[in-house]
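Undergrad: Quick check, what structure comes out for this input:
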Amino acid sequence: MKKINLAITGCLGRMGQQIIKSSKSNRSFKLVALTENMPSNKKIAGIRLDLNTDRAFKKTDVIIDFTVPECTLEILKIASKLKKRVVIGTTGFTQKEEDLIKKYSKKIPILKAGNMSLGVNLLMYLTEIASGSLGDNYLSKVFEIHHKHKKDYPSGTALMLGKGIANGKNKNLYNLIGKKFLNKKSFPFGKKINFNSIRKGEIIGEHEVTFSSGKEIITLKHEAFDRALYSDGALTAAKWLTNKRAGLYSMRDLLNFK
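TA: Predicted coordinates for the structure are as follows:
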């Protein structure tokens, strides 16, 4: 079976390193390019690090990107020109940046997910069902914990879960985002969706969605123990994307959740 030529951006980052590790034991892929946003003569897995350029991505089939929004958009510009597929695990996009991603997806296949875990995507699906079933009589909020190195908050996964709540109500997430708390021991429900983010230690990820009517509380929760959970999911997404036409896809499409 012909292997899929893989490029990993942000290769010195935590997720970049984990994807490199996972790709070495995955027979479906051949690692052909590693990039960072700073010049380097360093080699990883026998591959010299490169900048995000046409040359770096020329021989790739799929690019897996876990970087920052500005870098992701730079990569999409190149990928669109070269007709390369892109898996995006980057989070923290503005609405304007989200619109640009949609624009690029008209030219190339893109799979974008705030979280590559099967369990988290199932949690989002269940969140959407619960939100739609419970209706406006129940208030909702999202709680998440990540390691102290994570800069953005709420996390991409927390926003995914917020989107699940919004989807269940047939509303736009950006119209429902309430207050964003950081490192609070407790935080209130509100008319909109409030978020609380904890940054401490080396915790990989915990996410919790809570619904309350004032008379009862319903909680949906996911906890991750191994970072390979995400890298394996990203590789599964990359393999799945190789057979797709131009468009914007999600892990929900991959998992065939209705």
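Undergrad: going forward, measure contacts between C-alpha atoms and count neighbours the same way
TA: Fine.
Undergrad: is it true that Lys179 lies in a strand?
TA: Yes: membership of Lys179 in a strand is supported by DSSP: H, G, I helix; E, B strand; the rest coil.
Undergrad: Count the neighbours of it for me.
TA: For Lys179, the count of nearby residues is 15 (other CA atoms under 10 Å).
Undergrad: If you drop the residues flanking it in sequence, what lies closest to it?
TA: Leaving out its chain neighbours, the residue that sits closest to Lys179 by CA to CA, 6 or more residues apart in numbering is Asn194, at 4.8 Å.
Undergrad: Look up which residues are beta-bridged to that neighbour.
TA: Lys141 (DSSP bridges).
Undergrad: what pLDDT does it get?
TA: As predicted, Asn194 sits at a pLDDT of 98.
Undergrad: Domain parsing of the chain, as residue ranges.
TA: 4-112+228-255, 118-224 (automatic domain parsing).
Undergrad: follow-up on the earlier one: wait, isn't the residue nearest to Lys179 in contact with Leu173?
TA: No: in this structure Asn194 lies outside contact range of Leu173 using CA atoms under 8 Å: 11.7 Å.
Undergrad: ok, now how distant is Gly201 from Asp232?
TA: 23 Å (CA to CA, to the nearest Å).
Undergrad: The two - which one has more neighbours?
TA: The neighbour count for Gly201 versus Asp232, taken as other CA under 10 Å, is higher for Asp232 (19 against 11).
Undergrad: What residue, apart from its backbone neighbours, is nearest the more buried one spatially?
TA: Distance criterion CA to CA, 6+ apart; nearest residue to Asp232, sequence neighbours excluded, is Ser22 at 6.6 Å.
Undergrad: Can I get the helix or strand where that neighbour lies as CSV, trimmed to CA atoms?
TA: Assigning secondary structure by DSSP states H and E places Ser22 in helix 14-24. Taking Å, rounded to 0.1, in the frame of the first residue of the first chain, the C-alpha atoms of helix 14-24 are listed here in CSV:
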residue,chain,number,x,y,z
ARG,A,14,4.0,19.6,22.4
MET,A,15,1.5,18.2,19.9
GLY,A,16,3.9,18.4,17.0
GLN,A,17,6.4,16.2,18.9
GLN,A,18,3.6,13.8,19.8
ILE,A,19,2.4,13.5,16.2
ILE,A,20,5.9,12.8,15.1
LYS,A,21,6.2,10.0,17.7
SER,A,22,2.8,8.5,16.7
SER,A,23,3.5,8.7,12.9
LYS,A,24,6.7,6.7,13.3
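Undergrad: buried stuff in that helix?
TA: Going by neighbour count (16 or more other CA atoms under 10 Å), the buried part of helix 14-24 is Met15, Gly16, Gln17, Gln18, Ile19, Ile20, Ser22, Ser23.
Undergrad: Identify the bridge partners of the residue nearest to the last one when sequence neighbours are not counted.
TA: In space, not counting the residues next to it along the chain, Ser23 is nearest to Phe29; the distance is 6.5 Å by CA to CA, 6+ apart. The residues listed as beta-bridge partners of Phe29 by DSSP bridges are Ile4.
Undergrad: what about this protein, any weak spots by pLDDT?
TA: The model of the chain has pLDDT under 70 over residues 258.
Undergrad: Could you rerun that using 80?
TA: Applying pLDDT under 80 to the chain flags residues 1, 39, 257-258.
Undergrad: how about it, which residue sits the furthest from its center?
TA: Farthest-out residue of the chain from its mean C-alpha position, per CA atoms, centre = their mean: Lys215, at 34.3 Å.
Undergrad: Confirm that it sits in a helix.
TA: No: residue state for Lys215 (three-state DSSP) corresponds to coil; a helix is not indicated.
Undergrad: Now the phi/psi pair for it, please.
TA: Note on Lys215: its backbone torsions stand at phi -110, psi -20 [degrees, to the nearest 10].
Undergrad: Would you check how far apart it and Ile193 are?
TA: 19 Å.
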